[in-house]
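Peer 1: no sequence on this one, just coordinates:
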Ligand SMILES: Cc1ncc(COP(=O)(O)O)c(C=O)c1O
């Protein structure tokens with residue numbers, strides 16, 4: 001089955017009893033046991049079944065299985081947010097004394113979690129450019145348990161060679177996790193390229209409508225069981241209603257990603273011709289250093305892009321304050337086009353030096369291209385550019 005059809009039908013069937021096409025929302029905290037022995041057997045994991053929604057819930061399970069299927073792996077655990085997914089992942093793979101290598105260009109919240117919270121738990125994190133395989137190799141120690149990367153990376157759209165990172169991870173007995181939030185399994189499937197684990201902020205393209213917060217981790221059955229054992233004690237489960245909203249949003253992922261990608265390509269080309277624009281960061285442009293690799297490991301380039309204006313940060317501010325159709329807001333992957341300034345917003349957890357090291361300039365503007373008519377987005381940017 002093609003990925004488009006898997007997105008619609010994968011893991012889902014009309015309800016056997018009622019024929020309902022849309023799955024029910026099991027909006028319940030607890031589940032009744034048949035008798036006391038049944039409850040005890042479920043707690044002992046001698047029998048499978050539902051106990052309490054923090055542990056598992058049929059609506060969330062349906063979505064977890066569907067994401068695992070789309071990502072060509074076995075199973076998944078869902079969380080209340082993407083960041084909760086990252087936290088649970090790391091503490092499952094690593095303990096005090098262990099080491100994680102993370103790419104240096106990642107979502108600012110993930111960066112802060114790695115930089116400030118993990119060291120308090122005794123887990124050290126080295127930030128490195130994972131697109132530079134030699135640098136990645138040098139950063140790995142005998143304590144390294146996890147290599148964590150995002151590709152395309154938030155916000156510079158850097159492309160990382162997943163297969164090369166996977167080979168290095170295997171050689172060093174570490175696990176490779178790819179945050180696939182920007183690409184989604186419609187455009188890129190890291191497990192097929194050798195990654196062990198895939199992580200998503202479902203808040204973005206999975207939900208697709210900017211109305212939920214959620215996270216997912218998928219991987220092998222054994223790893224996911226270990227993750228679940230921790231997750232149920234930590235308690236950051238997704239709500240059944242949010243899981244259902246993601247199930248609904250996911251159905252249109254393929255058509256949305258096609259439209260996001262097509263419009264982003266056109267906007268990137270428009271920006272790269274604009275006299276007030278210094279540089280455009282979009283892997284669909286042949287000038288992008290990761291263009292060839294993106295063509296190899298992705299089926300299209302996605303809906304995210306960045307650009308530097310010749311007037312730097314001040315010009316960026318004028319642009320962001322002048323847009324009328326685009327919305328000045330963080331987050332991404334929504335129906336609406338969102339514009340933001342990473343250095344002062346999503347990546348404000350980076351110091352100036354850290355921003356410089358990974359190429360996020362002071363004037364970098366990030367655009368999450370929405371589903372409006374592309375000409376209207378370009379017209380809006382053009383009228384805003386006139387104020388610079
Ligand atoms: C690539 C990426 N990963 C993870 C996250 C964190 O997800 P959440 O906001 O759902 O916690 C974000 C949030 O912007 C993100 O962009």
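Peer 2: Sure, I can see it. What you see is a predicted model, and the numbers here were worked out from it, not measured in a lab.
Peer 1: Tell me the residues of the stretch 201-350 of the chain that contact the ligand?
Peer 2: Selection of the stretch 201-350 of the chain residues close to the ligand by CB under 6 Å from any ligand atom yields 201, 203, 213, 215. For every residue, glycine as well, the C-beta is placed using N, CA and C.
Peer 1: Can you check the distance spanned by stretch 26-33, start to finish?
Peer 2: The distance separating the two terminal residues of stretch 26-33, taken as CA to CA, to the nearest Å, comes to 16 Å.
Peer 1: is the ligand contacted by stretch 360-373?
Peer 2: No: contact between stretch 360-373 and the ligand, assessed by CB under 6 Å from any ligand atom, is absent, since the two come no nearer than 9.6 Å.
Peer 1: Show me which residues of that stretch are buried.
Peer 2: Using 16 or more other CB atoms under 10 Å as the test for burial, stretch 360-373 gives 360-372.
Peer 1: Where strands are concerned, which of those residues count?
Peer 2: Among those, the ones falling in strands (DSSP state E) are 365, 366, 367, 368.
Peer 1: Thought residue 346 was touching the second one, still the case?
Peer 2: Yes: under the criterion of CB atoms under 8 Å, residue 366 makes contact with residue 346 at 7.3 Å.
Peer 1: what touches both of these two?
Peer 2: Overlap of the contact sets of residue 366 and residue 346 (by CB atoms under 8 Å, 6 or more residues apart in numbering) consists of 155, 340.
Peer 1: Return the residues in contact with the residue in the stretch 51-200 of the chain positioned nearest to the ligand.
Peer 2: Per CB to the nearest ligand atom, residue 82 is where the stretch 51-200 of the chain lies closest to the ligand, at 2.3 Å. Residues counted as contacts of residue 82 (CB under 8 Å, 6+ apart) are 107, 109, 181, 199, 200, 201, 202, 203, 204, 213, 214, 215.
Peer 1: Among the residues you listed, which ones are in helices?
Peer 2: Among those, the residues falling in helices (DSSP state H) are residue 109.
Peer 1: Specify which member of the contacts of residue 82 is nearest to residue 381.
Peer 2: Minimum distance to residue 381 across those is 21.5 Å, recorded for residue 204 (CB to CB).
Peer 1: and the gap between that closest one and residue 242?
Peer 2: Summarising the geometry, the distance separating residue 204 from residue 242, computed by CB to CB, to the nearest Å, is 13 Å.
Peer 1: what does residue 360 give?
Peer 2: Per CB to CB, residue 360 is found 30 Å from residue 242.
Peer 1: same check, this time on residue 9
Peer 2: Distance check for residue 9 against residue 242: by CB to CB, it reads 22 Å.
Peer 1: same question, residue 343
Peer 2: 30 Å.
Peer 1: ditto for residue 48
Peer 2: In this structure, residue 48 lies at 23 Å from residue 242, with CB to CB as the measure.
Peer 1: quick one, which of those two is more surrounded?
Peer 2: When residue 48 and residue 242 are compared for neighbours, residue 242 comes out ahead with 24 against 8, by other CB atoms under 10 Å.
Peer 1: May I have the residues that are in contact with that one?
Peer 2: Applying CB under 8 Å, 6+ apart to residue 242 gives the contacts 80, 212, 213, 214.
Peer 1: burial measure for the third one, as a count.
Peer 2: Look at residue 213: counted by other CB under 10 Å, it has 18 neighbours.
Peer 1: wait, doesn't it sit right on residue 83?
Peer 2: No: using CB under 8 Å, residue 213 is not in contact with residue 83, being 9.2 Å away.
Peer 1: hang on, residue 6 in a helix?
Peer 2: Yes: Residue 6 forms part of a helix when assessed by DSSP: H, G, I helix; E, B strand; the rest coil.
Peer 1: Contacts only, for the closest residue to it other than its chain neighbours.
Peer 2: Counting by CB to CB, 6 or more residues apart in numbering, residue 70 is the residue found nearest to residue 6 once chain neighbours are left out, at 6.0 Å. The neighbours of residue 70, taking CB under 8 Å, 6+ apart as the test, are 3, 6, 7, 10, 185, 186, 189.
Peer 1: In which helix or strand does residue 305 reside?
Peer 2: For residue 305, the enclosing helix or strand under DSSP states H and E is strand 304-309.
Peer 1: Please state the mean pLDDT value computed over that strand.
Peer 2: Within the predicted structure, the mean pLDDT of strand 304-309 is 98.
Peer 1: Over to stretch 15-26?
Peer 2: When the per-residue pLDDT values of stretch 15-26 are averaged, the result is 95.
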